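> A predicted structure for the sequence below; I have some questions about it.
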Amino acid sequence: MTLRPGSLVGQASAIALFMTSLGLHASDIRSYGATGDGVSDDTMAIQKAINATPIGGVLTFPAGTYKVTSPLLFRSDRTYQGQDSPVLLGHEGRGPAAYFLVKTEHNRTRNIAIDGITFDGGGIAFEGQEIPAEHVRFTNNTVRNIVNSSSNWVLRRGIYIPSGMRGSTIAGNSFSNIQWAGLADLIHTDGSAIAGWRVDQTAITDNRFDSVNQGISLQFDSIPANPGPFGNVVIARNVGTNVHRMGIETQSTTAACNNMLVEDNSFSSYRNPYNDSFGYSIVHGGSGTIIRRNTAIATPAPPPGHRFGFAFEVAGDSVTISENLILSPMAQNSKIRWWAGIIMGHGSNFVIRNNTICGSPAGSAITFEVAPHPSATVSENVIDGASCASIPGMGQ
């Protein structure tokens with residue numbers, strides 16, 4: 001059975017039930033010797049169970065804590081279904097020894113559903129160099145406690161997508177405590193919940209981020225095997241608190257992403273904010289990006305000598321930025337506000353309309369890094385440079 005894009009959250013559970021109803025192969029890792037006692041090394045038993053699961057099969061992970069001492073290889077064309085919040089327990093502590101809890105088949109990742117599993121002490125790498133992972137469903141999982149101090153930066157990623165991802169869903173997951181050695185200082189600004197390259201036709205929605213260095217980081221570049229352009233990426237309804245650096249960052253080098261939708265996300269209550277603490281940096285190039293109904297709140301106060309960055313940094317062509325809420329509720333101190341509410345880079349045909357910005361002086365509420373293109377439209381925005389008292393629930 002080939003998994004196809006469909007509903008977002010709960011897709012894997014539905015697939016598992018459907019396969020079972022058809023009499024297709026389903027088994028659980030305890031049948032192959034996994035104990036789930038949190039002490040015994042269950043790595044080999046779980047891998048044995050994976051290897052025994054045929055194409056189209058469902059491997060279930062019953063409740064328990066399964067100690068994993070080296071990366072598991074999740075094979076393609078299979079469903080990995082948690083029952084009652086099982087935990088894969090990896091590297092514990094803040095030392096340099098670290099590893100991914102799960103890797104997928106190199107350049108052969110396809111048709112994988114992973115649902116309802118907790119990854120504790122390590123993340124998952126959708127492995128490859130040239131061929132994108134396809135038709136992946138990573139839903140309703142928890143990824144936490146990735147606080148190693150390894151010199152290998154990729155090991156501080158909850159989800160790592162080095163070779164691209166297409167036609168996939170990352171939804172309904174929780175990410176917490178993902179930072180270099182657990183710190184949110186001004187030197188070790190490393191550790192992302194979701195980091196990927198060349199993502200295409202994919203939805204990243206309804207995820208929660210707490211105490212992570214960065215929520216979402218996407219890069220778009222061109223390689224011979226996958227030159228792009230890329231498009232139709234949806235980033236929606238994600239919520240972040242205690243983020244240290246940026247909530248959502250998208251960048252490009254040699255490629256672009258067209259028709260990206262960024263909507264209904266919210267980032268607030270930053271952890272030890274500093275100059276690179278942004279709400280959204282959406283500068284991946286391309287055209288047709290829509291950024292709407294998002295929230296960025298500049299709290300709490302940065303440490304002495306530092307300030308917040310930008311609420312929204314945006315570049316590209318035919319970009320629409322509308323109905324966003326940009327708050328600096330402590331703006332009586334110039335360091336405790338967004339350095340700019342909306343700042344525009346290179347591009348044409350910008351539409352900036354119906355946004356609400358409080359606590360930023362008129363000169364920095366909406367501004368341009370380069371001279372605005374004649375086609376830019378800036379209209380009907382509400383700007384209160386004095387305070388946020390006029391915003392419901394934000395009175396001082």
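Received, thanks. Residues are numbered from 1 along each chain as shown.

> okay, and for the protein, where does confidence drop off?
By pLDDT under 70, the low-scoring segments of the chain are 1-25, 331-335, 362-363, 386-387, 389-396.

> just the helices in the stretch 1-150 of the chain please.
In the stretch 1-150 of the chain, the helices defined using DSSP state H, counting those that start in this stretch lie at 11-21, 43-52.

> how far does the shortest one sit from the chain's center?
Meaning helix 43-52. Chain-centre distance of helix 43-52: 29 Å, with C-alpha atoms, centre = their mean, to the nearest Å.

> What residues of that helix count as buried?
Across helix 43-52, burial judged by 16 or more other C-beta atoms under 10 Å covers 43, 45-47, 49-50. From N, CA and C alone the C-beta is placed, and that goes for glycine too.

> Please name the spatially closest residue to Ser379 (chain neighbours excluded).
Excluding its sequence neighbours, the residue lying closest to Ser379 (C-beta to C-beta, 6 or more residues apart in numbering) is Arg353, at 5.3 Å.

> In contact with that neighbour, which residues?
320-322, 377-381 (C-beta atoms under 8 Å, 6 or more residues apart in numbering).

> filter these to the buried ones?
Applying 16+ other C-beta under 10 Å to the contacts of Arg353 flags 320-322, 378, 381 as buried.

> Let me see the contact set for Met246.
214-215, 217, 276-281, 309.

> Where neighbours are concerned, which of these has the most?
Using other C-beta atoms under 10 Å as the neighbour test, the contacts of Met246 are led by Gly279, with 32 neighbours.

> A helix includes it, no?
No - under DSSP: H, G, I helix; E, B strand; the rest coil, Gly279 sits outside any helix and is assigned strand.

> Number of residues surrounding the nearest residue to Gly64 once chain neighbours are set aside?
Distances taken as C-beta to C-beta, 6+ apart put Gly36 closest to Gly64, at 2.2 Å, once the chain neighbours are dropped. By the measure other C-beta under 10 Å, the count of residues near Gly36 is 21.

> likewise the one 3 residues further on?
Counted with other C-beta under 10 Å, the burial measure for Val39 works out to 10 neighbours.

> Redo the contacts of Arg353 as CSV? Include secondary structure and distance to Pro303.
CSV is the format used below for the contacts of Arg353 (DSSP: H, G, I helix; E, B strand; the rest coil; distance: C-beta to C-beta, whole Å):
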residue, secondary structure, distance to Pro303
Thr320, strand, 36
Ile321, strand, 30
Ser322, strand, 34
Thr377, strand, 38
Val378, strand, 34
Ser379, strand, 37
Glu380, coil, 37
Asn381, coil, 31
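
> Closest one to Tyr160 out of those residues, please.
Closest approach to Tyr160 among these (C-beta to C-beta): Ile321, at 29.7 Å.

> For beta bridges, what are the partners of that closest one?
Listed by DSSP bridges, the beta-bridge partners for Ile321 are Ile291, Ile352.

> Pull the distance from stretch 251-258 to the chain's centre.
Distance of stretch 251-258 from the chain centroid (C-alpha atoms, centre = their mean) equals 18 Å.

> on that earlier part again, how about the contacts of Met246 in JSON lines, adding distance to Ala315?
Output for the contacts of Met246, formatted as JSON lines (distance: C-beta to C-beta, whole Å):
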{"residue": "Gln214", "distance to Ala315": "19"}
{"residue": "Gly215", "distance to Ala315": "19"}
{"residue": "Ser217", "distance to Ala315": "16"}
{"residue": "Asp276", "distance to Ala315": "17"}
{"residue": "Ser277", "distance to Ala315": "19"}
{"residue": "Phe278", "distance to Ala315": "13"}
{"residue": "Gly279", "distance to Ala315": "15"}
{"residue": "Tyr280", "distance to Ala315": "12"}
{"residue": "Ser281", "distance to Ala315": "9"}
{"residue": "Gly309", "distance to Ala315": "15"}
